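Undergrad: No letters, just coordinates:
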């Protein structure tokens, strides 16, 4: 049974990384003491070791060890053997490139379908969708494909940001960008605001956390989905 | 002799499209009455015809006709024959995909090196760099390559946006994104603020308009370049 927490962000403003989710994560990873961490997205370009050390801190505080997948000779095998998985944020183009380069996209998908608890934040959440095409990230590296895990039947826009009232900036709003996506793609997009997450248990997909989500469907006016609601598309 | 205006945006807040540049454009296109427009970036997903009609208005006001490259049976030939070129903004992934699909990336590069005046805004400016990897756009379509025209020896970040003081949003700032780019790429990046542009005359490349630009070089602290300055990298 699929078992995922797909979070908009690792960190909410003014609090320590992951602190807003630690209680949930303690329960989520109750059957394992070791979490296999996928550090490929390298936020700010930090190294895999630095990133693994950084995320170890909050997890240690709930009695979990973290080991980076980059420390294994066979990352696909490490993923298949893991009892708990976490993919952190950073750059989605880099993350997807590295998942393909290390030949772990398919093993990761299989582990998730086999029921290994998977927690993702930001880029690590983006890849749960069918494609990475609704990322906010800069294309710093050319991935072999935009296809991602496809463990949920829609795409994610993490760090969803409402249009800013009174902004004089002429760059596209997030909503405009997602509308452009829907000129060429049919997949629904769920904009998750910072501090909220999607909880997947088998076929049940539910929005959790303090905020509503913004839902974008092709040829429909975007609408709000209240937290606690199931996310279902016809 | 290369002859380009590479603008951050078509429209500055509170004024009509292109109005801030019309005097310059009148002079820039003085040797032609017809401008060949490349509408492939389709802002907001509007059609090629709609986009061409929209940009015709400001150009008509300075006595220029606009014809979309999509109306020609042989777009490469149309580009080679053009006396003036304009590529508008929208989505850079779409623009680059269409330039490759229509086999005009190389003809466009040749026309620019042959001295055809080229004006670009936003996505149309982004493609003047060596790659599109410092675009702000959403990857709504998978292009066959991130390589672009390479008619200037650096990359562009249009609509350059300074970090917002007091922002509580945890998504990456523009500066953070460009720093990530420089973890994997050596090309300098010029962040052009809205309302400013780069003027290329042969090998002379100069920043013009009301704002300074933000310059990003690998392993260097970003710095400001005053308007009127030449843009040179060692």
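TA: Sure thing, it's come through. Please read all numbers here as calculations on a predicted model, not as lab measurements. Numbers count the residues shown, from 1 in each chain, chains lettered A, B, ... in the order given.
Undergrad: how far out from the middle of the chain is stretch A:161-176?
TA: 23 Å (Cα atoms, centre = their mean, to the nearest Å).
Undergrad: same deal with stretch A:47-55?
TA: 18 Å.
Undergrad: Stretch A:223-234 now?
TA: 18 Å.
Undergrad: List the buried residues for it?
TA: For stretch A:223-234, burial by neighbour count (16 or more other Cβ atoms under 10 Å in any protein chain shown) applies to A:225, A:227, A:231. (Glycine included, C-beta is placed from N, CA and C.)
Undergrad: pLDDT of it, averaged?
TA: Stretch A:223-234 comes out with an average pLDDT of 96.
Undergrad: quick one, longest helix in chain A?
TA: For chain A, the longest helix by residue count, based on DSSP state H, is helix A:48-60.
Undergrad: what packs against that helix?
TA: The contact analysis (3 or more Cβ pairs under 8 Å, 6 or more residues apart in numbering or on different chains; DSSP states H and E) places helix A:48-60 against strand A:34-38, strand A:65-68.
Undergrad: Strands along chain A, start to end?
TA: A:3-7, A:34-38, A:65-68, A:85-87, A:118-121, A:155-157, A:189-191, A:197-201, A:204-208, A:213-216, A:223-225 (DSSP state E).
Undergrad: And stretch A:161-179, what's buried?
TA: A:161, A:170, A:171, A:172, A:174, A:175, A:176, A:177, A:178, A:179.
Undergrad: Mind picking the two most distant members of the residues you listed?
TA: A:170 and A:178 (17.8 Å; Cβ to Cβ).
Undergrad: any chance of the helices and strands packed on helix A:48-60 in JSON lines, with mean pLDDT and distance to chain B too?
TA: Shown next, in JSON lines, are those (pLDDT from 0 to 100; distance: least, Cβ to the nearest Cβ, whole Å):
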{"stretch": "strand A:34-38", "mean pLDDT": "98", "distance to chain B": "17"}
{"stretch": "strand A:65-68", "mean pLDDT": "98", "distance to chain B": "18"}
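Undergrad: Tabulate those strands (a markdown table), appending mean neighbour count and distance to residue A:189.
TA: Listed next are the helices and strands packed on helix A:48-60 as a markdown table, based on neighbours: other Cβ atoms under 10 Å in any protein chain shown; distance: least, Cβ to Cβ, whole Å:
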| stretch | mean neighbour count | distance to residue A:189 |
| --- | --- | --- |
| strand A:34-38 | 23 | 23 |
| strand A:65-68 | 17 | 30 |
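Undergrad: from the middle of its chain, how far away would the worst-scoring helix or strand of chain A on mean pLDDT be?
TA: Least confident helix or strand, chain A: helix A:174-184 with a mean of 94, by mean pLDDT, DSSP states H and E. Distance of helix A:174-184 from the chain centroid (Cα atoms, centre = their mean) equals 20 Å.
Undergrad: and if you look at stretch A:13-33?
TA: For stretch A:13-33, the distance to the chain centre is 15 Å (Cα atoms, centre = their mean).
Undergrad: Quick check: beta-bridge partners of residue A:191?
TA: Residue A:191 has the following beta-bridge partners by DSSP bridges: residue A:157, residue A:214.
Undergrad: in stretch A:136-150, what counts as buried?
TA: Those would be A:136-143, A:146-150, for stretch A:136-150 by 16+ other Cβ under 10 Å.
Undergrad: Residue A:123: which of these is nearest?
TA: Nearest to residue A:123 among the buried residues of stretch A:136-150: residue A:137, at 6.8 Å, using Cβ to Cβ.
Undergrad: For that closest one, which non-adjacent residue is spatially closest?
TA: Distance criterion Cβ to Cβ, 6 or more residues apart in numbering or on different chains; nearest residue to residue A:137, sequence neighbours excluded, is residue A:92 at 4.5 Å.
Undergrad: residues near that neighbour, how many?
TA: 29 (other Cβ atoms under 10 Å in any protein chain shown).
Undergrad: of the strands of chain A, which approaches residue B:16 most closely?
TA: strand A:213-216 (29.7 Å).
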